[in-house]
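Trainee: The following comprises the amino acid sequence and a computationally predicted model.
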Amino acid sequence: AAGAADIRAEFLDALGNTFILWFGNFIPQILLSLLLAVWFTDAKVKLPGKGFFKVVMYMPNIITAASVAALFVNLFGDSKFYFVNATLINLGWVDAESTIKFVTDPVVSKIMVMFIQTWLWFGNTMIMLMSGIMGINPALFEAALVDGCSSRQTFWKITLPLIKPILTYNLITSLVGGLTMFDIPHLMTQGNPNNMTNTVARFIYQQGFTGTYNFNMASAGSVVLFGIIIIVNSHSSKEAALKCFVFFLVSQPLVYLVQAPFHPEGLRLFRFYPGWFLWTLLTLPMGYIGWMMKREKWWALLILTPVL
């Protein structure tokens, strides 16, 4: 029981880390991307070589995560022999015996992961926002110009309201990508120090494919993660509840079929399904509560906390 409680606490910590890392990279990413998208599409801005800058800013998105992790580890390693620390020492800003721990410091390592994720994805977000802005009827901008609107007024009154659908799309896809974040935390910090950069996807990997190969906990973490993604992608409380119900109703028989050849009970595992079905009924209110939290009805958190 103690082991299960420890694993549950580790999962909740990983879930919290995942949301912190996502939020910490999404906010600067969307602000920077929006600023650049407006700048590149503004007819008043005569910037030579716009195409070149767009390509350069998008390029990090096509580099593999393994290459990016290797690059940043070699630039920002903890030792005085790595580039950034060596440069800071030569400038006299850091002492050779007390270098900045970019990889092993709990706070700095989180900031590094957030920075890398922002650097990787801001170019992609910028291109998508540019496409949304370029899809706005030019007559609206011309009318604003004739009426004497400033660039700031044009942005807040015309551009921003009309690109809300593309902003919502970026929010949802970024959140789903953030929830499944694995490569950079795993390759750069291995989830350390003290699991401060461990994510849900990496928790699932640790439980299922390392150590004691605890597939039960890995499967449970995967199901919870998928349930959260279902809620995030739902448009109403009814849709969220039904999606969760159908997913949990169908998933367990598939698990039994996979486990049967390797389990002593074999196909007799299905005798546990009626009990699972009763638990599945709980997903209807749970899906509704999750969707209400998505709609910033934070009182739902008071109901969900005792369950967790």
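Mentor: Yep, that arrived.

Trainee: got the contact list for residue 101?
Mentor: Listed by Cβ atoms under 8 Å, 6 or more residues apart in numbering, the contact set of residue 101 reads 78, 108-109. Every C-beta, even on glycine, is put in place using the N, C-alpha and C of the backbone.

Trainee: In stretch 94-107, which of the residues would be classed as buried?
Mentor: 94, 99, 101-103 (16 or more other Cβ atoms under 10 Å).

Trainee: Also stretch 31-43?
Mentor: Of the residues in stretch 31-43, those buried under the neighbour-count criterion (16+ other Cβ under 10 Å) are 32-34, 36-42.

Trainee: average model confidence for stretch 28-42?
Mentor: For stretch 28-42, mean pLDDT rounds to 91.

Trainee: go on, stretch 75-84?
Mentor: Mean pLDDT, taken over the full extent of stretch 75-84, equals 90.

Trainee: got the CA coordinates for that stretch in PDB?
Mentor: Output in PDB follows, covering the C-alpha atoms of stretch 75-84 (Å, rounded to 0.1, in the frame of the first residue of the first chain):
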ATOM      1  CA  LEU A  75      26.500  24.500 -24.300                       C
ATOM      2  CA  PHE A  76      25.000  24.700 -20.800                       C
ATOM      3  CA  GLY A  77      26.700  21.900 -19.000                       C
ATOM      4  CA  ASP A  78      27.300  22.300 -15.300                       C
ATOM      5  CA  SER A  79      31.100  22.100 -15.500                       C
ATOM      6  CA  LYS A  80      33.500  25.000 -16.100                       C
ATOM      7  CA  PHE A  81      34.600  23.300 -19.300                       C
ATOM      8  CA  TYR A  82      31.200  23.800 -21.100                       C
ATOM      9  CA  PHE A  83      30.800  26.800 -23.400                       C
ATOM     10  CA  VAL A  84      28.400  29.100 -21.400                       C
END
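
Trainee: number of nearby residues for residue 81?
Mentor: When counting by other Cβ atoms under 10 Å, one arrives at 10 neighbours for residue 81.

Trainee: now do residue 212
Mentor: As a burial measure, residue 212 scores 9 neighbours (other Cβ under 10 Å).

Trainee: That one: what secondary structure?
Mentor: In three-state terms, and counting by DSSP: H, G, I helix; E, B strand; the rest coil, residue 212 is coil.
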